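Visitor: coords please:
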Amino acid sequence: MFKLVVLDMNDVLLYKTMDDLEDKISNNLTKIKLNRMILYVKPGIISFLEKLSKTCDIALWTSGNEYNFKHFTNWIKENSSIKFRFIWYRDMCEMVGDEGHETIKKVKRIIKSPTINYNRIYNENNILIVDNDLTKVGMNKNYLIIEDKYKEDLMLGNIEMEDSMEDIFQQILELF
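Guide: Residues are numbered from 1 along each chain as shown. Model (predicted):
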């Protein structure tokens, strides 16, 4: 049976901030600098994605805009041979709320996609969406909520966190 794990980027694979935390972090932490924003990539991301790709298909879906996260996806492509089933940004989320600024990610959009699911191998039972925000994914059948421990660890200067990606991998295996 085919399985698809859909990973959020912000606070699951990386941490986005306007603050340069150079004095608080180790030099071996990958930093992607944008105009006013900085993306700090979690340690162990490439090995996590490579390991995960051996057990299932992988996709990335963020509620952030493409400009902010395209640099991260390019970095992954430059540093690995991982193939994503798709990479979606904010424009593929459903806008909700009074002002339309909040977003949700419905796996039905994946299931109905003629380009992603053209051979109808994905359904609600074999898609797991991994995010840090229950309000964005809680309406789906299978989801995993990742606590935002990385942000706190980064702020405290504790970047010994390669094990955190292994923990996420184990949680995915348990659910799937």
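Visitor: ok, now which ones touch the residue nearest to Lys3 when sequence neighbours are not counted?
Guide: In space, and not counting its chain neighbours, Lys3 is closest to Cys56: 3.8 Å by C-beta to C-beta, 6 or more residues apart in numbering. Where you see a C-beta, it was placed from the backbone N, CA and C, and this is true even at glycine. Neighbouring residues of Cys56 by C-beta atoms under 8 Å, 6 or more residues apart in numbering: 2-5, 176.
Visitor: need the helix or strand of the chain with the lowest average pLDDT.
Guide: Using mean pLDDT, DSSP states H and E, helix 149-156 stands out as the lowest-scoring helix or strand of the chain, at a mean of 59.
Visitor: Moving C-terminal from it, which element do we reach first?
Guide: helix 162-175 (DSSP states H and E).
Visitor: quick one: pLDDT of the residue nearest to Lys3?
Guide: The per-residue pLDDT reported for Cys56 equals 95.
Visitor: now the one 5 residues further on
Guide: According to the predicted model, the pLDDT of Trp61 comes to 97.
Visitor: Report the separation between it and Ile32.
Guide: Trp61 sits at a distance of 19 Å from Ile32 (criterion: C-beta to C-beta, to the nearest Å).
Visitor: Next: Leu128.
Guide: For Leu128, the distance to Ile32 equals 26 Å [C-beta to C-beta].
Visitor: Looking at those two, which one has more neighbours?
Guide: Looking at Leu128 and Ile32 with other C-beta atoms under 10 Å, you find the greater number of neighbours at Leu128, namely 22 against 17.
Visitor: List the residues that contact that one.
Guide: With contact taken as C-beta under 8 Å, 6+ apart, Leu128 is in contact with 3-6, 142-144, 172, 175-176.
Visitor: Likewise for Lys54?
Guide: Per C-beta under 8 Å, 6+ apart, neighbours of Lys54: none.
Visitor: before we move on, the earlier item: out of the contacts of Cys56, which one sits closest to Glu50?
Guide: Nearest to Glu50, judged by C-beta to C-beta, of these is Val5 at 13.2 Å.
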